[in-house]
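Visitor: curious how this folds, go ahead:
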Amino acid sequence: MLRLSFSASKPALRTRNLYAHQQCFRFLHQTVVLPAKVKWPPKPIGNTVRQVVTAAERRRRKLASREEAQAEETEEDIIPDDLREALKKSPEMATEEDKQAGEEDGISRPKRRGRTPKKRSAEEQYFQDQLSKSPDRQQLVLQYLQKGYGGARRRKAFGDVRRVNIVGEELCDVILERMKPSLAKHEGCDIIDVNPGAGTWSRKLHEVLKPRTHILMEPDTDLYQPLLQPLLDAKDSKYVLFPKPGVIWAHLERVLSEKHLPHQKALPPDDPRLEQPNDTLLFVANLCYHPKRAFKAFGSLTTLVLHQLMSAIRSHSLFHKYGTVRMLIWVTDEERLTPLPKHVAMRKKASLESEVSCGKIEEVASSGRPVGVFRRDDRIDAEQTLKVLANMEKLGISTPEGRETSMQKHLLEKRDEEGDIPAWVDDGRIGIQFHKVIAELEAKFAAGEFQKYSDIPRSPLPPRNEDLGPGKKLRSRAPFEMTPEWLELAKLRARKKTEENRGDIIYQYALRNDEIMAMQREIYNLKGPEYETRRKELFQLTREFKEDVAKLPGHQTRVMVTTHIDNEHLLRHDPPGLLFDRREVEPLKVERSDFFPHHELALLDFQPQAIWPILRKDYPANYDVFEYIVATLFLFPGQSVEMGLKSLWPGAYEWLVPVCPALTNPYKGGDMDLTRFSVRCLSSEMLKEIMEGWDKWPWRPSRIELLGQLNSYESVDKDDVMKNGDMAYGL
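Guide: Below you'll find the predicted structure:
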């Protein structure tokens, strides 16, 4: 017997003996004497090979017995009796092949992690009992989620802590009451529900629609199983739990089969019913992550999924193979602007894809306030909101108290005694914080709560230049220091004065632009000598306008003028250029307390439409061409249409302008002077005409040439868009 002793007194001999032990342990691993879980050094460690083997064998037996005990507990305690019976009664949802392959199919339940199965099962059962008895379900769900997300003591979370759940019972009731007329056609349908989470929204929607099948695709069953289990255990339950992520199309495709959706039949590629709405199927998803979850080139996983869903509409893939399917999708409040922009600067390639794929995108609920760096003038928003409020009154639709948007609430508060709403009340921009702060400071200063100067004497020595800041001079020789409140008030007064001056400039140029557009509509249908005379007058007026814009002091002022004019231009389209401005009702306001974690979300209603015939003609080849045209034009969204068309390909501008009459038709949102017509103001009809004209162009480049050019483009961020905001005026 080889004896490996650690009793040597010399360090070198002790190291050599330790190395011999390691080599012996490797040999035992290779000969499958020791299990893979036994690491070096074993505890307790012996001085002979026999002792090492004995300790390792004892440890291996202990691990094996523990695993067997856990397996028995998992079989007996994790799977309830009623769920086990459901598995037996539903062999189509959990086949033996799937179980042998280790796949979690149907309503099977994955193995628990973290706490021991027995303790977790008891807690789940207690929570489910409390959930069925408690009158305040929302508060109980919040307490459970708080604990599941780690709680205040930073426990280990059981699921994805970035996900935001809908927990507001009252919010769901208000939304469904508002949507009830449009949801009536979906009663008794099939529902695919991705990321139901706490299940509050899913349960409320289920109660209204009473679907024949409601598939819940929830990957975090460790956390949400106790919340969803009462839905599965209900009498004659139509719920089916599929514990896989629905945003991974491979798992979603497994659900899209006759086994899970027996009432849905996939249509052949040439079937005209593919372009028609399928009201027997509804897709619901919660794509909310805070902070955002990035994925490769996409800054947000939500943006990626929305892009793929828009692509699926055009290609009739995923669940759109049964016909176009309505989609109700929850997104974060900031990401609602990607498919549904409210400002011309946000109208980019992603929003255009949404316009082409969906005839209607409705913002059902949101924070109701402007978000992001871009914001329209309040007069434009007020004008459009007044039209929506008049339409709501005509339809007999009202908004519950506390659920009004900021602009809606502002206008309703200014209602006169007869109940009429004024066209506009200019008492400071809605939602801008500094207007509220300056009003409070002005009131305090008038009341004498603070003075201009303090009691602290000023230093007799003049301040150093570096203390004043670059480009600043000492203007006051007062013997006392100014108070911090006064300095803040003076700064806000200067900012307010700058905004007022810019507002006056913008208003003046907006009036001049309206005069030009009115003259264009007047002479568009004229002919003969009168047309030529009026055309010269229009040319002179337009030239003076562009020269004056170029002379405006400051680049930012010029950008604000051109951006305001473009926003008004989109609003004058028939229908309006932005899908948000085509809304029939105002969105419902959400509160942070309606969600957990407390972060505001927005509900978007996507209603797909039939794809353009020119794109369907040779799909996807023609859509690749359309994608090249859009990417080239919107590489600089602020450039003029003339510059954009010339950048498509040599000779494209000369060919496309005559065959695209909507570009120069002021009644359809066009402009007779394409040097002052911005690319970001192009309507869907104009893009359709450009695509049809391109297809008829005899000298158009090949698809391979366009794809090669498309791959060379790089994305342009918002700062570049703002830098090029004045390009539409040939500056």
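
Visitor: low-confidence regions, the protein specifically.
Guide: For the chain, applying pLDDT under 70 flags the ranges 1-56, 65-135, 151-155, 416-434, 455-480, 711-731.

Visitor: show me it divided up by domain.
Guide: Using automatic domain parsing, the domain parsing of the chain gives 11-78, 117-366, 378-429, 433-580, 614-729.

Visitor: so which of the ones you listed is nearest residue 595?
Guide: Checking these against residue 595 by CB to CB gives domain 117-366 as the closest, at 5.3 Å. (Glycine included, C-beta is placed from N, CA and C.)

Visitor: off-centre distance for the closest one?
Guide: 14 Å (CA atoms, centre = their mean, to the nearest Å).

Visitor: next: stretch 584-599.
Guide: 14 Å.

Visitor: go on, stretch 644-657?
Guide: 34 Å.

Visitor: number the chain from 592, please
Guide: Sure, I'll start counting at 592 from here, so that last one is stretch 1235-1248.

Visitor: please enumerate residues in contact with it?
Guide: 1220, 1223-1224, 1226-1227, 1230, 1233, 1254-1255, 1265, 1270, 1281, 1284-1285, 1288, 1290-1292 (CB atoms under 8 Å, 6 or more residues apart in numbering).

Visitor: buried ones in that stretch?
Guide: Judged by neighbour count using 16 or more other CB atoms under 10 Å, the buried positions of stretch 1235-1248 are 1235, 1236, 1237, 1238, 1239, 1240, 1243, 1244, 1246, 1247, 1248.

Visitor: residue 1276: which of these is nearest?
Guide: So of those, ranked by how close each gets to residue 1276 (CB to CB), first place is residue 1247, at 14.1 Å.

Visitor: roughly how far apart are the closest one and residue 1134?
Guide: Distance of residue 1247 to residue 1134, computed by CB to CB, to the nearest Å: 24 Å.

Visitor: next one: residue 1122
Guide: Residue 1122 is 18 Å from residue 1134, by CB to CB.

Visitor: and what of residue 1105?
Guide: 17 Å.

Visitor: repeat for residue 943
Guide: Distance of residue 943 to residue 1134, given as CB to CB: 31 Å.

Visitor: who's more crowded, those two?
Guide: Under the criterion of other CB atoms under 10 Å, the comparison of residue 943 against residue 1134 puts residue 943 first, with 20 against 11.

Visitor: need the nearest residue in space to that one, chain neighbours excluded.
Guide: residue 1221 (5.7 Å; CB to CB, 6 or more residues apart in numbering).

Visitor: quick check: which element contains that neighbour?
Guide: Element membership for residue 1221, per DSSP states H and E: helix 1212-1224.

Visitor: what angle do the helix or strand following that helix and helix 1212-1224 make?
Guide: Tracing the chain C-terminally past helix 1212-1224 and defining elements by DSSP H and E, one meets helix 1232-1239 next. Using axes from the mean of the first three to the mean of the last three CA atoms, to 10 degrees, the inter-axis angle of helix 1232-1239 relative to helix 1212-1224 is 120 degrees.

Visitor: buried ones in stretch 1100-1115?
Guide: 1100, 1101, 1103, 1104, 1107, 1108, 1110, 1111, 1114.

Visitor: export those residues to TSV and tack on distance to residue 730 and secondary structure?
Guide: Output for the buried residues of stretch 1100-1115, formatted as TSV (distance: CB to CB, whole Å; DSSP: H, G, I helix; E, B strand; the rest coil):
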residue	distance to residue 730	secondary structure
1100	54	helix
1101	51	helix
1103	58	helix
1104	54	helix
1107	59	helix
1108	56	helix
1110	63	helix
1111	60	helix
1114	66	helix
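
Visitor: list just the nearest of those to residue 1165.
Guide: When these are compared against residue 1165 (criterion: CB to CB), the nearest one is residue 1108, at 13.2 Å.

Visitor: of the buried residues of stretch 1235-1248, closest to residue 1297?
Guide: In terms of CB to CB, no member of the buried residues of stretch 1235-1248 lies closer to residue 1297 than residue 1240, at 8.5 Å.

Visitor: what about residue 1252, neighbour count?
Guide: 12.

Visitor: do you know how far it is from residue 1164?
Guide: Distance from residue 1252 to residue 1164, by CB to CB: 15 Å.

Visitor: equivalent analysis for residue 1300, please.
Guide: 30 Å.

Visitor: of those two, who's got more company?
Guide: Set residue 1300 next to residue 1164 and count neighbours by other CB under 10 Å: residue 1164 wins out with 20 against 15.

Visitor: got the contact list for that one?
Guide: Taking CB under 8 Å, 6+ apart, we find residue 1164 in contact with 1259, 1260, 1274.

Visitor: go on, residue 1276?
Guide: Per CB under 8 Å, 6+ apart, neighbours of residue 1276: 1253, 1259.

Visitor: that one and residue 1205, how far apart?
Guide: Taken as CB to CB, the span from residue 1276 to residue 1205 is 12 Å.

Visitor: got it, and residue 1095?
Guide: In terms of CB to CB, residue 1095 sits 45 Å off from residue 1205.

Visitor: between these two, who's got more neighbours?
Guide: Comparing residue 1095 with residue 1205 by other CB under 10 Å, the one with more neighbours is residue 1205, at 19 against 10.
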